[in-house]
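Student: Got a sequence here, can you model it:
(one chain, ligands or ions: 1)
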Amino acid sequence: MTMTPFPAAALFDWYDRHARILPWRSRWPDLSPAYHVWLSEIMLQQTVVATVIPYFLDFVRRWPSVCDLAAANNDDVMAAWAGLGYYARARNLHRAAKIVCAAHGGNFPESRDALLALPGIGPYTAGAIAAIGFGASSVVVDGNIERVFARYYAISTPLPGAKADISAAYAAQHPGERPSDYPQALMDFANAVCTPKAPACNACPVAAGCAAAKAGTPEIWPVKAIKKPKPERHGIAFVAYSDTGAACLVKRPESGLLGGMLAFPSAGWTPADSDWNADAPLASPPFPANWTLLDDSVSHVFTHFSLTMRVAVARRGAVREGDKLGAGAAWQKVRPASLPTLMRKVWKLAEPVLINQSARHDND
Ligand code: SF4
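Tutor: Below is the predicted model:
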């Protein structure tokens with residue numbers, strides 16, 4: 001079957017007028033350093049560009065090369081990543097940096113197989129590094145590009161089953177020129193013109209051949225499999241605050257939710273602490289204290305579940321900074337920027353109450 005050609009020339013013409021300026025981007029024939037492409041692509045997984053930019057700039061300022069990142073303290077890397085979410089990405093990022101530095105002399109490998117062998121790099125990221133960092137005509141299909149091709153060819157197989165057809169269309173239609181610009185042009189175009197809702201078909205440079213525009217209902221593509229509602233979980237975070245203005249924080253186990261991140265002690269919300277009883281939320285505190293359960297709670301959505309987290313607070317007048325409270329726990333100043341988003345929300349709720357309690361205590 002003959003495929004309607006995807007008009008790359010019209011796309012490039014649009015890109016030359018509308019390309020976003022991004023700190024990790026170069027324009028063909030210049031290529032971005034593979035380190036920058038890799039870092040930005042890992043950060044952009046599940047995260048929007050506007051959120052990623054300050055993190056990317058901070059990482060390349062702290063660690064200008066992949067070997068600088070490899071040599072960094074893991075706690076510093078996790079703290080710098082805090083707030084970006086999906087913390088397994090940061091753990092894999094640091095592991096991959098060590099491998100690139102030790103096994104590849106600080107240069108990212110160019111072959112797809114060698115890229116795929118690095119922790120945290122899947123087919124999409126390998127394709128993106130090959131195309132954007134090395135100028136290869138590799139297949140690069142993210143959610144944005146999926147949307148454009150699913151619409152242009154009115155691919156009716158629901159995602160994720162349609163991925164193979166979309167990748168095949170991408171490979172068949174690759175223009176062979178400007179290989180680093182091509183996927184980036186498609187991504188910018190998908191973000192600005194072929195948007196998820198209300199695509200601007202009237203101003204679209206590729207509309208003449210677009211099957212979805214001809215059908216008059218472009219929004220129905222890409223067809224998605226019906227999602228099951230996310231299960232709900234409940235838990236509690238315990239925020240204890242000392243006279244010296246320090247809070248009790250723990251470093252979470254390396255594997256699992258918020259792995260390796262600093263967090264307030266908590267209970268009930270992970271498979272490891274399933275015996276927590278939501279009807280008696282204060283029954284399993286990390287240590288004895290005069291705990292007060294706050295009326296408000298924190299909501300947070302993870303990939304596989306939605307969480308409602310109660311928050312308990314307590315003042316601990318007798319502790320000093322540096323006092324140990326068990327494996328991985330310590331009293332330290334709370335720096336919200338080094339906490340994962342869930343724990344920032346917990347702190348936002350707890351901090352005013354604790355400060356109030358401290359003020360009352362000082363006035364006693
Ligand atoms: S015509 Fe509409 S649906 Fe088709 S590619 Fe352009 S913006 Fe997307």
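
Student: What residues does the stretch 151-300 of the chain have near the ligand?
Tutor: 151-152, 193-194, 199-201, 204, 206-207, 210, 212-213, 218 (CB under 6 Å from any ligand atom). From N, CA and C alone the C-beta is placed, and that goes for glycine too.

Student: Show the pLDDT at Ala71.
Tutor: pLDDT for Ala71: 98.

Student: how close does the residue in the stretch 1-150 of the chain that the ligand sits nearest to sit to Val139?
Tutor: Among all residues of the stretch 1-150 of the chain, Val148 sits closest to the ligand, at 5.6 Å; criterion: CB to the nearest ligand atom. Note on Val148: its distance to Val139, by CB to CB, to the nearest Å, is 14 Å.

Student: which of these two has more neighbours?
Tutor: Using other CB atoms under 10 Å as the criterion, Val148 and Val139 rank with Val148 on top: 28 against 22.

Student: The longest helix along the chain - contacts with which helices or strands?
Tutor: Longest helix in the chain by number of residues (criterion: DSSP state H): helix 341-363. Under the contact criterion of 3 or more CB pairs under 8 Å, 6 or more residues apart in numbering; DSSP states H and E, helix 341-363 touches strand 232-242, strand 262-263, strand 292-301, strand 306-316.

Student: Spatially nearest residue to Trp81, not counting backbone neighbours?
Tutor: Spatially, and ignoring its direct neighbours in sequence, Trp81 is nearest to Ala90 (3.8 Å; CB to CB, 6 or more residues apart in numbering).

Student: Output the one helix or strand that neighbour maps to in PDB, but only the C-alpha positions, please.
Tutor: Assigned by DSSP states H and E, Ala90 belongs to helix 88-103. Presented in PDB, the C-alpha positions along helix 88-103 are these (Å, rounded to 0.1, in the frame of the first residue of the first chain):
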ATOM      1  CA  ALA A  88      14.400   6.000  39.800                       C
ATOM      2  CA  ARG A  89      15.400   8.300  36.900                       C
ATOM      3  CA  ALA A  90      17.900  10.100  39.100                       C
ATOM      4  CA  ARG A  91      19.400   6.800  40.500                       C
ATOM      5  CA  ASN A  92      19.700   5.400  37.000                       C
ATOM      6  CA  LEU A  93      21.100   8.700  35.700                       C
ATOM      7  CA  HIS A  94      24.000   8.600  38.300                       C
ATOM      8  CA  ARG A  95      24.600   4.900  37.600                       C
ATOM      9  CA  ALA A  96      24.700   5.600  33.800                       C
ATOM     10  CA  ALA A  97      27.100   8.500  34.200                       C
ATOM     11  CA  LYS A  98      29.500   6.300  36.100                       C
ATOM     12  CA  ILE A  99      29.400   3.700  33.400                       C
ATOM     13  CA  VAL A 100      29.900   6.300  30.600                       C
ATOM     14  CA  CYS A 101      32.800   7.700  32.500                       C
ATOM     15  CA  ALA A 102      34.500   4.400  33.500                       C
ATOM     16  CA  ALA A 103      33.700   2.200  30.500                       C
END
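
Student: For the helix or strand following that helix, name the packing helices and strands.
Tutor: Proceeding N to C from helix 88-103, the next assigned helix or strand is helix 112-116, under DSSP H and E. Here helix 112-116 touches helix 123-128, going by 3+ CB pairs under 8 Å, 6+ apart.

Student: Off-centre distance for the helix it packs on?
Tutor: 16 Å (CA atoms, centre = their mean, to the nearest Å).

Student: by contact count, what packs against that helix?
Tutor: For helix 123-128, the packing partners by 3+ CB pairs under 8 Å, 6+ apart are helix 34-44, helix 112-116.

Student: who's in contact with the shortest one?
Tutor: The set of residues external to helix 112-116 that reach it, using CB atoms under 8 Å, 6 or more residues apart in numbering, is 104, 108-109, 121-123, 125-127, 129-130, 138.

Student: how about that helix: buried residues?
Tutor: 112, 114-115 (16 or more other CB atoms under 10 Å).

Student: repeat for stretch 267-278
Tutor: Using 16+ other CB under 10 Å as the burial criterion, the residues of stretch 267-278 that qualify are 267-270, 276.
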